[in-house]
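Student: Structure here, sequence nowhere to be found:
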């Protein structure tokens, strides 16, 4: 997710309207291993699981509060022909729109993480002192 947040920030800084990523099957072909063997099948299943299920689901959840929808999009990808002549190959990819709200969030600093406050009260003896390197606020978020 951190990589996607960084990609969103870069897209916002450079005026792009979407961030797209290739599906799991395309990712699996980038790293050939044993040409159709059991390891290949497991890797393909893992890549499809991450790029086609986990990442889109996480981006849907993240983008919802900014009105940013995850959908598929068609992108023309250049490929080299036999004689180094660029041809166009249209591929379907996942994408998330960079809405004005998401752009504002990305440019102002997205939360990197947030440690939830415990349900119980922290004993006074565990609070940090003024000379400690740790903040007293246990819910201090990091930013990207």
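Tutor: Yep, that arrived. In this text the structure is predicted, and so the values were computed from the model without any measurement.
Student: Okay, now the unreliable bits of the chain?
Tutor: Low-confidence segments of the chain, defined by pLDDT under 70: 34-36, 80-88, 111-144.
Student: For it, which segments count as strands?
Tutor: Using DSSP state E, the strands of the chain run over 18-21, 70-80, 86-97, 111-113, 142-143.
Student: The third one: partners in the sheet, and parallel or antiparallel?
Tutor: Okay, so that is strand 86-97. strand 18-21 (antiparallel), strand 70-80 (antiparallel) (DSSP bridges).
Student: Same question for it: list its buried residues.
Tutor: For strand 86-97, a neighbour-count test (16 or more other Cβ atoms under 10 Å) marks 93, 94, 95, 96, 97 as buried. All C-beta atoms are positioned from the backbone trio N, CA, C, and that covers glycine.
Student: Next up, the contacts around the closest residue to residue 102 other than its chain neighbours.
Tutor: Among residues not flanking residue 102 along the chain, residue 66 sits closest, at 3.8 Å (Cβ to Cβ, 6 or more residues apart in numbering). For residue 66, the contacting residues are 99, 101, 102, 105, by Cβ atoms under 8 Å, 6 or more residues apart in numbering.
Student: That'll do, ta.
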